[in-house]
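Participant: Generate a structure from the sequence data that follows.
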Amino acid sequence: MLIVGQAPGTAVHRSGRPFTDPSGDRLRDWLGVDKSAFYDPSVFAILPAGLCYPGRNPKGGDAPPIPECGLEWHPRLRPLLCGLRLTVLVGQYGQRLYLGREGAASVTATVREWRALPQGFLATPHPSWRVNGWLKRNPWFEVEVLPVLRQQVRAALAG
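Facilitator: Next up, the predicted model:
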């Protein structure tokens, strides 16, 4: 399985390991896996849309990923992932990288239209604390999408 996230944040930049923060806890919960499965490189590949920490945004938070990183490296690295069964597009930057602006008009629209995504792809919002309000406004995500995501993860784990 491939997780296409945003870009490493400050905690991840310091730790050198992706999703070693509360957003990682939430993402693993959404996937229905524990840390040992999530960090097993024979099970999950984690490839952010931006491959390096983009620095701080002057308006607050982290800056968006540098688009050239993903455009340059994803087409080279993805074919090396043998037996890829599921790609999870986490947040707007992963969705835009793989679906383009038209395919990812908004995170809500992309996640809501999960049935229309290419086979082997699912989309989620970014699991950071900022998604709390989004989850309250979009309860269908936990009812419709999460069970499908967990089922696809289980199927991929079973081979």
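
Participant: Quick one: classify residue 88 as helix, strand or coil.
Facilitator: Following DSSP: H, G, I helix; E, B strand; the rest coil, residue 88 is assigned to strand.

Participant: Below-threshold pLDDT in the chain: ranges please.
Facilitator: Residue ranges of the chain with pLDDT under 70: 8-9, 102.

Participant: what are the ranges of the helices in this structure?
Facilitator: 10-15, 22-31, 35-38, 67-77, 91-103, 107-112, 132-137, 140, 146-158 (DSSP state H).

Participant: Dump these into CSV; add mean neighbour count and distance to residue 45 as well.
Facilitator: Using the backbone N, CA and C atoms, a C-beta is placed for each residue, glycine as well. As requested, the helices of the chain are exported to CSV (neighbours: other CB atoms under 10 Å; distance: least, CB to CB, whole Å):
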stretch, mean neighbour count, distance to residue 45
helix 10-15, 14, 16
helix 22-31, 19, 13
helix 35-38, 14, 11
helix 67-77, 14, 8
helix 91-103, 19, 13
helix 107-112, 18, 21
helix 132-137, 11, 26
helix 140, 11, 29
helix 146-158, 15, 12
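
Participant: With distance to residue 120 as new columns, can the ones you listed be given to me in a markdown table?
Facilitator: Below are these laid out as a markdown table (distance: least, CB to CB, whole Å):
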| stretch | distance to residue 120 |
| --- | --- |
| helix 10-15 | 26 |
| helix 22-31 | 15 |
| helix 35-38 | 19 |
| helix 67-77 | 15 |
| helix 91-103 | 11 |
| helix 107-112 | 15 |
| helix 132-137 | 25 |
| helix 140 | 22 |
| helix 146-158 | 9 |
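
Participant: out of those, nearest to residue 119?
Facilitator: Proximity to residue 119, assessed across the helices of the chain by CB to CB, is greatest for helix 146-158 (10.6 Å).

Participant: contact partners of the closest one?
Facilitator: The contact list for helix 146-158 (CB atoms under 8 Å, 6 or more residues apart in numbering) reads 1, 30-33, 37, 43, 85-86, 88, 114, 122, 124.

Participant: Check the residues you listed against residue 52 and report the nearest one.
Facilitator: residue 88 (20.9 Å).

Participant: Please tell me how far that closest one sits from residue 55.
Facilitator: 25 Å (CB to CB, to the nearest Å).

Participant: And these two? Which one has more around it.
Facilitator: residue 88 (22 against 12; other CB atoms under 10 Å).
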